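In: A predicted structure for the sequence below; I have some questions about it.
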Amino acid sequence: MKFLSKVTLLILITSFLSCTSEDTTTTESTDPDATVTELHAAYAAFNTDATDIYLSNNGASVTIETTGLPNHETSYWGVGNSLYIEEDIDKTPSIMSSNNNATTITVDAIPDLTGSTVSTELNTIGIAVSGASIFNDQEGGGALDQAAGSLDWTGAHIGPGVYHYHLEPIAFSDDDEKLVGILLDGVFLYGRKCNSTGTYPTDLDASGGHTSATQYTDGENEYHYHIINELYSNTGSYIAFAGPYQGY
């Protein structure tokens, strides 16, 4: 994996256009020794009760350790939990606990956008700001439609494995520009709107990514993903992220 210093990154991205641009070309350094000395400002938005986030690999990577337990209501907490709510869904008997939801991922501190795109796979493809996992648009090797009945009010379920989001997690990002999480390639995922314009971006690539300033970049442009503003099947919601990754 190739890494890029923050200073070099800021120089390279000054030529990138805003949310309304149709040009999403990115250029990255191939310096393998570049590192960072502090976490990206966006990591401050993550649920600190669930996550422990720190620099690793001498500043080349970021490690995220999470209990996987979100800080919002769902029926998957189980009766008796303070965050339990009754929902009319075809849920599994699984109840969340730190014993079966803990997950650790390590991502590039600065994404490498110079290589080939990589398809997502089953299981955790990222960690949401709530502390729970993000999954892609598949369920058990097939289309998500077959499991739609088990999704809770915020597009998540347990089935099988950890509690995870497939759809726009409206518990903390509902048709807005808020941060959703970080994906395995080190690229941040945001809601359906662009912070730079307050509207749906029109220049997204096949992954839902583009380059613009976000609320965490102090006016500087940065490549990031958005939840694509296209309804998925009969769910009445939006896929969180289908891929492919651009940061590998």
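Out: Cool, the structure landed.

In: every contact and neighbour count from this point should use C-alpha atoms.
Out: Will do.

In: that's a helix at Leu189, yeah?
Out: No: with DSSP: H, G, I helix; E, B strand; the rest coil as the criterion, Leu189 is strand rather than part of a helix.

In: give the contact list for it.
Out: Residues near Leu189 by C-alpha atoms under 8 Å, 6 or more residues apart in numbering: 179-183, 224-227.

In: that one and Asp108: what is the separation?
Out: Separation of Leu189 from Asp108 (C-alpha to C-alpha, to the nearest Å) stands at 15 Å.

In: one more: His226?
Out: According to C-alpha to C-alpha, His226 and Asp108 sit 19 Å apart.

In: any idea whether the residue sitting nearest the centre point of the chain is helix, strand or coil?
Out: Using C-alpha atoms, centre = their mean, the residue of the chain that lies closest to the mean C-alpha position is Gly181, 3.4 Å off. Secondary structure, three-state DSSP: Gly181 is strand.

In: would you check how far apart it and Ser150 are?
Out: Going from Gly181 to Ser150 by C-alpha to C-alpha gives 22 Å.

In: how about Asp137?
Out: Distance check for Asp137 against Ser150: by C-alpha to C-alpha, it reads 14 Å.

In: out of the two, which sits in the busier spot?
Out: Counting neighbours by other C-alpha atoms under 10 Å for Asp137 and for Ser150 shows that Asp137 has the greater number, 23 against 17.

In: does the more buried one really touch Ala143, like I thought?
Out: Yes: Asp137 is within contact range of Ala143, at 6.9 Å (criterion: C-alpha atoms under 8 Å).

In: what's the following helix or strand after the lowest-mean-pLDDT helix or strand in the chain?
Out: Scoring the helices and strands of the chain by mean pLDDT, DSSP states H and E places helix 6-12 at the bottom, with a mean of 35. Next helix or strand after helix 6-12 toward the C-terminus (DSSP states H and E): strand 51-56.

In: nothing else from me, thank you.
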